[in-house]
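J.: what's the 3D shape of this:
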Amino acid sequence: MLTTMNCDRRSLLALAAALLGCEAVHGPAAEELRPFAVGLEALDQNGGHVQGIAAAPDALYVSQQSRLVKLDWTGRVLKTCVAPVHTGDIFWCNGRLYAALARGGKGFIRIYDAELNLKREREVERGIDGIAVLDGVVYLGMGSKTQPSKNPHRVNILGRFDAETLEEIAPRAEFDYGYETKYGFQNITTDGKLLYGSFYAVVGAPQIVAFDRDLHVLATHRLPANQGLDVLPAAVAGEGRVMFIRGKTHLDGNKKIASCSFDFFPLDELEWK
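T.: This is a model prediction of the structure:
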């Protein structure tokens, strides 16, 4: 169990709400929160598995390689838009949707508004993957140290950028949580205090790592969560609960996407190692 998770829950949730731009009046009642799924009414059948999810108080945002989707908390489609291939992880913060786009060997940090209108873009010189914002800093997965990232490797690069200017603000770090992975960070998220990364890990290795702002590894978990992972805002999770939401893609007989389901896990009930 993470000892840092034994802190005062109300203080932690208040901090997370402030960082993520949460307003409790917009969220569903906690007792109404149930696992749900969406199908081809929301998803691009040819867009591959779900890449990332971003939980806002009044909506859940979903990314595929070629599509962004806005859902309500029952799974009803509110809006979709075409996205450039390969759009990866996404993260909601202060009324903005941050997206990690990898294209042509380069990366692009994109910022959308709540209605999926592109507002800003910043190019970086290598492919990128997971993305999250904590204390005004964009934590950005930048693939493996040794390319190509699809080969098994231990060291992944993490970049840090200013969430307002999108300028790089710290030296790029080598992140090794002790296990081999393929590709890079699939998803990065935060509870307002710690950061969590998910990977395509080698067989038997934990797929989630918890780490602090200074990139110190604190704990790991074997929960498979590499097709969308986020921490629910307090307005959605309910008072006193810190919860993951996870996306899981389901394929049809032709191995094309058929649906994506979403379920929930209280962080302090997971057996962290």
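J.: going forward, measure contacts and count neighbours with C-alpha atoms only.
T.: Will do.
J.: all strands for the stretch 101-250 of the chain, in order.
T.: Under the criterion DSSP state E, counting those that start in this stretch, the stretch 101-250 of the chain contains strands at 106-112, 118-124, 131-134, 137-144, 156-162, 173-175, 181-190, 195-201, 208-211, 217-221, 229-231, 243-251.
J.: Looking at those, spot the one closest to E32.
T.: Minimum separation from E32 across those (Cα to Cα) falls at strand 243-251, 14.7 Å.
J.: on that earlier part again, just say which of the strands of the stretch 101-250 of the chain is most tucked in.
T.: strand 229-231 (a mean of 29; mean count of other Cα atoms under 10 Å).
J.: what lines up beside it in the sheet?
T.: Paired neighbours of strand 229-231 in the sheet (DSSP bridges): strand 243-251 (antiparallel).
J.: Following the chain past the strand it pairs with, name the next helix or strand.
T.: As assigned by DSSP states H and E, the chain's next helix or strand after strand 243-251 is strand 257-266.
J.: quick revisit: got JSON lines for the strands of the stretch 101-250 of the chain, with mean pLDDT and distance to E41 too?
T.: Shown next, in JSON lines, are the strands of the stretch 101-250 of the chain (pLDDT from 0 to 100; distance: least, Cα to Cα, whole Å):
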{"stretch": "strand 106-112", "mean pLDDT": "97", "distance to E41": "22"}
{"stretch": "strand 118-124", "mean pLDDT": "97", "distance to E41": "23"}
{"stretch": "strand 131-134", "mean pLDDT": "98", "distance to E41": "26"}
{"stretch": "strand 137-144", "mean pLDDT": "96", "distance to E41": "30"}
{"stretch": "strand 156-162", "mean pLDDT": "98", "distance to E41": "35"}
{"stretch": "strand 173-175", "mean pLDDT": "98", "distance to E41": "38"}
{"stretch": "strand 181-190", "mean pLDDT": "95", "distance to E41": "24"}
{"stretch": "strand 195-201", "mean pLDDT": "95", "distance to E41": "27"}
{"stretch": "strand 208-211", "mean pLDDT": "98", "distance to E41": "30"}
{"stretch": "strand 217-221", "mean pLDDT": "97", "distance to E41": "33"}
{"stretch": "strand 229-231", "mean pLDDT": "98", "distance to E41": "22"}
{"stretch": "strand 243-251", "mean pLDDT": "97", "distance to E41": "14"}
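J.: Format these as TSV; extra columns: distance to V38.
T.: What follows is those, written out as TSV (distance: least, Cα to Cα, whole Å):
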stretch	distance to V38
strand 106-112	22
strand 118-124	24
strand 131-134	23
strand 137-144	28
strand 156-162	32
strand 173-175	34
strand 181-190	20
strand 195-201	22
strand 208-211	24
strand 217-221	27
strand 229-231	16
strand 243-251	10
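J.: Among these, which comes closest to L270?
T.: For these, proximity to L270 was assessed by Cα to Cα; strand 217-221 is nearest, at 7.7 Å.
J.: Alright, that wraps it up for me.
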